[in-house]
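Participant: Have a look at this prediction, sequence included:
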Amino acid sequence: MTGKRVSEMSDAEIRELAGARPGTCTAHAAAMADELAALAGWIDAQLDNDRADRQYVCEETELRLHEIAARLASRALSPAGAATLGQALADAVAYRDPAGDCTGCEAHPAGLCEDHAEDLDRADAYLKVAAALGIEVER
C-alpha cells in the first residue's frame, strides 16, 4: 500500500490501514476509514479543479480533520472517561495559570514573563485538545 494515495486505495485497503493501529477497534477503524476516504475524495476533486483556491482547500481540510478527530474521539471515550479527561485537562489548565506575584512579570513590558507566557501557551494547547475531543473545559 505504500506510495498509494488514499483515493487510489480500495475500501479493504483503507480499512486494513486504519485497523493496523494498535488499540483501534474494528468499528472505529471502519468509521475512521470511511471519514478519511470521503475527505480524500473531496480533496482530490478540489485539486483536480484548476480554478480551486488552494488556500481554501487547505483551510477546509484542516477544519474537516478537526471535525473528524472530534467525532472519532467522542466514539472512543465513554461519558465517564470524557468527564475524567475533562477534569484532568481543567486541572492542567489551572496549574498553568500564572497566579500570584512574579517579579519577572512585573518587570516585563508586556506584563508577562517568558515562563508564564509559555505556561499560557501550554494551557491554550490543553484547551485545543479538549475542543478537538468535544470536551468543555472552563478556564
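Facilitator: Arrived safely, thanks for sending. Residues are numbered from 1 along each chain as shown.
Participant: Just name the shakiest helix or strand of this protein by mean pLDDT.
Facilitator: Least confident helix or strand, the chain: helix 11-19 with a mean of 59, by mean pLDDT, DSSP states H and E.
Participant: Following the chain past that helix, name the next helix or strand.
Facilitator: Remark: after helix 11-19, the chain's next helix or strand is helix 26-48, criterion DSSP states H and E.
Participant: average pLDDT for that following helix?
Facilitator: Summarised as a single mean, pLDDT over helix 26-48 is 78.
Participant: Counting by contacts, list what that helix packs against.
Facilitator: For helix 26-48, the contact count by 3 or more Cβ pairs under 8 Å, 6 or more residues apart in numbering; DSSP states H and E identifies helix 11-19, helix 54-76 as packing neighbours. C-beta: built from backbone N, CA, C; applies to glycine.
Participant: chain center to that helix: distance?
Facilitator: Relative to the mean C-alpha coordinate of its chain, helix 26-48 is positioned 16 Å out (Cα atoms, centre = their mean, to the nearest Å).
Participant: Compute the inter-axis angle for it and helix 54-76.
Facilitator: Angle between the axes of helix 26-48 and helix 54-76 is 170 degrees (criterion: axes from the mean of the first three to the mean of the last three Cα atoms, to 10 degrees).
Participant: CA atoms only for helix 26-48, dumped as CSV, please.
Facilitator: What follows is helix 26-48, C-alpha atoms only, in CSV (Å, rounded to 0.1, in the frame of the first residue of the first chain):
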residue,chain,number,x,y,z
THR,A,26,-12.6,-2.6,14.1
ALA,A,27,-15.8,-0.5,14.3
HIS,A,28,-13.7,2.7,15.0
ALA,A,29,-11.2,1.7,12.2
ALA,A,30,-14.1,1.4,9.7
ALA,A,31,-15.6,4.7,10.8
MET,A,32,-12.1,6.3,10.5
ALA,A,33,-11.6,4.8,7.1
ASP,A,34,-14.9,6.0,5.8
GLU,A,35,-14.4,9.5,7.1
LEU,A,36,-10.9,9.8,5.7
ALA,A,37,-11.8,8.3,2.4
ALA,A,38,-14.6,10.8,2.0
LEU,A,39,-12.2,13.6,2.8
ALA,A,40,-9.6,12.3,0.5
GLY,A,41,-12.2,12.2,-2.3
TRP,A,42,-13.2,15.8,-1.7
ILE,A,43,-9.6,16.9,-1.6
ASP,A,44,-8.9,15.1,-4.9
ALA,A,45,-11.9,16.7,-6.6
GLN,A,46,-10.9,20.1,-5.4
LEU,A,47,-7.3,19.8,-6.5
ASP,A,48,-8.4,18.4,-9.9
